[in-house]
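Q: Here you go, sequence then predicted model.
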Amino acid sequence: MTSYKIALLLYLTRAIMATPAIDYEKKSLKFEEYIVEHDISEVEAKKSALAGDLRAIIVPAGCQNCTKEEIRYCTGSDVISDHCCCDKRFREYLPYIPHTCYFGTELCTTIASDCNHYNRLRACCCDKYLLQKWKEKYGYNKARAAIILPSLLLFLSAVNMIV
């Protein structure tokens, strides 16, 4: 098999995923197929996070301070799950978080009470908080290197003076 055929096979395998579901009434096993709806790679997410401007995120009027439970929703997998269920291909609201969204024949259910609740939580609590979190995650190594490298050079020059 040639390399491009192998690559195509791997791509198609990744694009379609089947998961088993048990039908308890019929006591049988059926498979639900899921197809990749959209995918944000680690490289794309990092690029988006580092280019993102926190000042450009405007919290809508009427938003209250976010509770610990709402922040927990934002920082866990729940917000991504609801994003995949509610946003679909219309607009990528979370381009700075690596994720893959799938769709299948079954209707998705949200973790939040509904898509309107998810949209409120995302706009009021998650957007600014998550962008800041992912900017720090991706920019951490550069910031740390900017501090450690000069210190290391200073240390090495001091060692050379002693010897």
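A: Cool, the structure landed.
Q: The helix or strand where H38 lies: what's the following helix or strand?
A: Assigned by DSSP states H and E, H38 belongs to strand 28-40. Sequence-wise, the next helix or strand downstream of strand 28-40 (DSSP H and E) is helix 42-51.
Q: elements contacting the helix or strand following that next one?
A: Counting by DSSP H and E, the next helix or strand C-terminal to helix 42-51 is helix 68-75. Applying 3 or more C-beta pairs under 8 Å, 6 or more residues apart in numbering; DSSP states H and E, one finds that helix 68-75 contacts helix 115-121, helix 127-162. Backbone N, C-alpha and C define where each C-beta goes, glycine included.
Q: Can you tell me what sits against helix 68-75?
A: For helix 68-75, the external contacting residues (C-beta atoms under 8 Å, 6 or more residues apart in numbering) are 66, 79, 111-112, 121-122, 124-126, 129-130, 133.
Q: Quick one: low-confidence residue ranges for this structure.
A: Within the chain, the stretches with pLDDT under 70 are 1-32, 89-90, 140-163.
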